[in-house]
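**Q** Got a sequence here, can you build the structure:
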Amino acid sequence: MDWTHLSPLERAIHACRIVLVGAESSGKTTLAQQLTEHYRSLGGIWETTQWVPEYGRRYTEILLERQGRIEAEPDAEVHSAEWGPEDFATIAVE
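**A** As a prediction, the model looks like this:
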């Protein structure tokens, strides 16, 4: 299969995705960047390997705004968002 001749839809179907999950500051971003460098170093079609930055942190900020947490306690160092199962699905799609 010649990847360069596939349509975007066909590429999406055949693309391999690696999803890293874990606690904050556990090295997910560093590992994602290292994996990208490794695969790009293989050359050929692997040179187009990409990584996607974390979205969970941004989504947490969105939740906090929606829930009025920051407005209620503007000086708090840490704010807690209330998460539901649908929030994890939203992050996965994004």
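
**Q** For this structure, name the helix or strand with the lowest mean pLDDT.
**A** Each helix and strand of the chain was given a mean pLDDT (mean pLDDT, DSSP states H and E); the minimum falls on helix 69-72 at a mean of 78.

**Q** Give me the buried stretch members for it, please.
**A** Neighbour counts over helix 69-72 (16 or more other CB atoms under 10 Å) mark Arg69 as buried. (C-beta placed from N, C-alpha, C; glycine too.)

**Q** List the buried residues in the helix or strand following it.
**A** Once the chain leaves helix 69-72, the next helix or strand it forms, by DSSP states H and E, is helix 85-93. For helix 85-93, a neighbour-count test (16+ other CB under 10 Å) marks Asp87 as buried.

**Q** returning to what we had before: what's next to the least confident helix or strand of the chain, contact-wise?
**A** Leu64, Glu65, Ala76, His79, Ser80, Ala81 (CB atoms under 8 Å, 6 or more residues apart in numbering).

**Q** same deal with stretch 83-94?
**A** Tyr55, Gly56, Tyr59, Leu63.

**Q** Out of those, which one has the lowest pLDDT?
**A** The member of the contacts of stretch 83-94 with the lowest pLDDT is Gly56, and it reads 80.

**Q** Report the spatially closest residue to that residue, excluding sequence-adjacent ones.
**A** Nearest residue to Gly56, sequence neighbours excluded (CB to CB, 6 or more residues apart in numbering): Ile91, at 5.5 Å.

**Q** picking up where we left off before, just the buried subset of the contacts of stretch 83-94, please.
**A** For the contacts of stretch 83-94, buried by 16+ other CB under 10 Å: Tyr59, Leu63.
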